[in-house]
Each structure stands twice: as C-alpha cells, then as structure tokens.
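[1] Make a model of this:
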Amino acid sequence: MKYFYILNDTITNSFFMLVLTALLSLIVLVIVFYQLFAFSEFLWVKFISPKPFYRHLYFRKQKLPRDQAYILNTQFSFYQNLKPKQKLYFEHRVSKFIKQHNFKGRSGFYINDQQIVLIASTAIMLTFGYRNYMIKSLERFIIYPDVFKSKTNKAYHKGEFNPAYKAVVFSWKDFLEGYNIDNDNFNLGIHEIVHAIHFDFLKPDNDSISAIIFEHHYKKIKKLIQTNTTYRQNLVASKYLRNYAFTNNFEFIAVLIESFFETPQELKNQFPEVYSHVKKMLNFDFNGY
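    Predicted coordinates for the structure are as follows:
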C-alpha cells in the first residue's frame with residue numbers, strides 16, 4: 001500500500017510537471033509569435049504600405065446605455081453614415097473611451113450625456129482608422145458654457161489642449177456650433193482633439209503602429225507644403241484653409257483635418273495630393289472605410 005501511494009504521488013507530480021512545461025512552452029510561443037507579428041507589422045508599415053494588419057479585434061463588443069446610444073444614433077452624422085458592422089465597432093470604442101476619461105464642467109456648467117457622447121464620438125471619429133484609438137496624452141475634458149479665460153496665458157479661448165494636465169478644454173457653445181455649421185471648415189472639437197493626437201503620436205516613446213502611420217504622412221505633408229513654394233502659395237491663395245492654419249505646423253494639421261471631415265470632396269478636388277496624405281494619415285477613406 002505504501003508503494004502504491006509513492007507511485008501515485010510520482011505520477012501526479014510527473015503529470016503536474018508535464019502540464020506546467022506545456023503551459024510555459026505555450027506562453028513562450030505566444031510571446032515569440034507576438035514579437036514576430038509586431039516586428040513584421042512594423043516593417044510592413046515602415047517600408048511597404050502604411051496600413052496596419054488589422055484595426056478591429058474585440059472579444060466582447062460593449063454597448064452604450066440606451067440614452068447614450070440614442071444620442072449617438074440621432075446626433076452624430078458620421079456614425080449614422082457607417083455600415084452596420086462599423087457601427088458596432090464605433091459604439092464599442094465610444095463606450096470604452098467614455099469609461100476611461102473624465103468629463104468635468106466649469107463655471108456652473110452641468111455635464112450630461114449629450115456632452116459626454118458627442119465629445120467621445122468626435123475623438124473616436126478621428127482615430128477610427130487606427131487600431132490604437134486611445135490617446136495616451138489625454139485623460140480629461142473640461143467644458144465651459146462659453147469662452148473661458150485660459151490658465152496658461154490668461155487670454156480668453158474657445159478651446160485648448162493642455163498637455164501638462166492631459167486635458168482638452170472646450171466652450172460648449174462653440175463646440176456645438178462646429179457641428180451645427182458643417183461646411184465652414186471650422187469644428188472646435190475636431191481641432192482641439194487633433195492637437196492631443198498630434199502631440200501624443202509625435203512623442204519619442206510612442207512606437208505604436210498608429211503613431212508610425214500618422215508621423216509618416218505628417219512628414220510627407222510638411223515636405224509638400226514647405227519645399228514646394230508654388231503649391232503652398234496656391235493653397236494660401238485659395239482661402240480654402242483659414243489663415244490661422246499657417247500659424248505653425250500644429251495649427252496647420254488641426255485645420256487641415258477639420259477641413260477633411262467637413263468638406264472632403266472640396267479638398268479632394270482642389271488639392272488631391274494633400275487629401276490623399278490626410279486620408280492615409282488617418283487611415284480612413286469616406287469612399288470606402
């Protein structure tokens with residue numbers, strides 16, 4: 001009987017070691033596969049085609065509460081124009097984005113579902129072409145009822161991005177106006193969130209595929225505008241982009257992306273090279289997502 005117990009313990013221990021070895025081997029294989037996949041995708045994006053291997057992979061897609069889903073369905077035209085499968089992805093991302101960010105009102109402004117959903121949807125619209133859709137340099141949104149005095153320069157602003165506080169600040173009146181007038185190439189929500197994306201993607205420690213894609217075409221746009229004097233002069237003379245776009249590179253990209261979403265066909269007709277780079281930079285095409 002004693003021999004039987006010893007034999008039984010030996011078999012149990014051997015089985016345990018076999019299972020443990022198999023699990024460790026599987027973990028190593030997964031790590032190696034992930035590293036090979038990441039390296040292959042990096043080479044693909046860097047040297048062959050600046051598009052990720054995939055954009056959407058979710059084990060369980062999240063849903064918005066009924067009231068928030070109603071706002072998304074009735075007040076956000078970008079979402080309304082998506083295909084059914086894309087809508088599921090978009091809603092999932094909006095839900096995740098809301099849960100991971102803070103929304104705070106100032107000067108007596110009360111935050112409700114409309115502000116939360118429309119702001120989150122704007123951010124997801126801008127990053128919908130990316131796999132990495134969260135903006136690491138952005139944690140909170142501060143919302144005022146109207147123009148506000150900036151804490152950085154004491155001037156009155158409609159909106160700003162504060163990288164030190166990881167916050168985008170809006171005048172809600174002007175945020176809404178950006179969507180109420182949808183063809184003037186001015187959208188405060190898009191403009192300020194692009195600043196956050198731009199800042200985040202150009203950080204030296206951001207090696208995500210999304211950042212690589214953004215930076216690749218950002219450099220091409222800069223080269224086109226800065227080295228081709230005639231092209232730049234034509235762009236300025238056209239008045240398609242408001243003068244504020246030519247303040248610096250950050251403002252140029254923000255205004256350009258506003259225009260891409262508000263009047264894409266006009267941008268494509270007048271400046272097809274710029275349109276093509278913005279489309280690839282965002283990994284999004286209105287004619288076929």
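
[2] From now on I want contacts and neighbour counts done on CA atoms only, so please keep to that.
    OK.

[3] Ala22: which element?
    Per DSSP states H and E, Ala22 falls inside helix 2-43.

[4] what's in contact with the following helix or strand past that helix?
    Next along the chain after helix 2-43, taking DSSP H and E as the criterion, comes helix 66-75. Applying CA atoms under 8 Å, 6 or more residues apart in numbering, the external contacts of helix 66-75 come out as Lys63, Tyr79, Gln80, Glu91, Asp113, Gln114, Val117, Leu118, Ser121.

[5] tell me the two of these that are most distant?
    Pairwise distances across the contacts of helix 66-75 peak at 18.1 Å for Gln80 and Asp113 (criterion: CA to CA).

[6] still on that earlier bit, list only buried entries from the contacts of helix 66-75.
    Among the contacts of helix 66-75, those buried by neighbour count (16 or more other CA atoms under 10 Å) are Lys63, Tyr79, Glu91, Val117, Leu118, Ser121.

[7] Just give me the closest of the residues you listed to Asn269.
    For the buried ones among the contacts of helix 66-75, the nearest to Asn269 is Tyr79 (24.4 Å; CA to CA).

[8] So for the strand or helix carrying that closest one, mean pLDDT?
    Assigned by DSSP H and E, Tyr79 belongs to helix 77-80. Mean per-residue pLDDT for helix 77-80: 94.

[9] Give me the contact list for that helix.
    Applying CA under 8 Å, 6+ apart, the external contacts of helix 77-80 come out as Leu72, Asn73, Thr74, Lys87, Phe90, Met125.

[10] The closest residue to Lys96 other than its chain neighbours and Phe97, how far apart?
    Nearest non-adjacent residue to Lys96, counting by CA to CA, 6 or more residues apart in numbering: Gln62, 7.5 Å away. Taking CA to CA, to the nearest Å as the measure, Gln62 falls 11 Å from Phe97.

[11] Low-confidence stretches in the stretch 51-200 of the chain?
    52-54 (pLDDT under 70).

[12] the helices in it, which residues?
    Under the criterion DSSP state H, counting those that start in this stretch, the stretch 51-200 of the chain carries helices at the ranges 66-75, 77-80, 84-99, 113-127, 172-180, 188-201.

[13] other SSEs contacting the last one?
    Right, helix 188-201. helix 113-127, strand 159-162, strand 167-171, helix 172-180, helix 209-227, helix 249-262 (3 or more CA pairs under 8 Å, 6 or more residues apart in numbering; DSSP states H and E).

[14] how about these in a markdown table, adding distance to His198?
    Formatted as a markdown table, those follow (distance: least, CA to CA, whole Å):
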| stretch | distance to His198 |
| --- | --- |
| helix 113-127 | 11 |
| strand 159-162 | 11 |
| strand 167-171 | 13 |
| helix 172-180 | 19 |
| helix 209-227 | 8 |
| helix 249-262 | 7 |
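
[15] any idea which of these is most buried?
    Most buried of these, by mean neighbour count (mean count of other CA atoms under 10 Å): strand 167-171, with a mean of 24.

[16] mind checking the backbone torsions on Phe271?
    The phi/psi pair for Phe271 (degrees, to the nearest 10) reads phi -140, psi 70.
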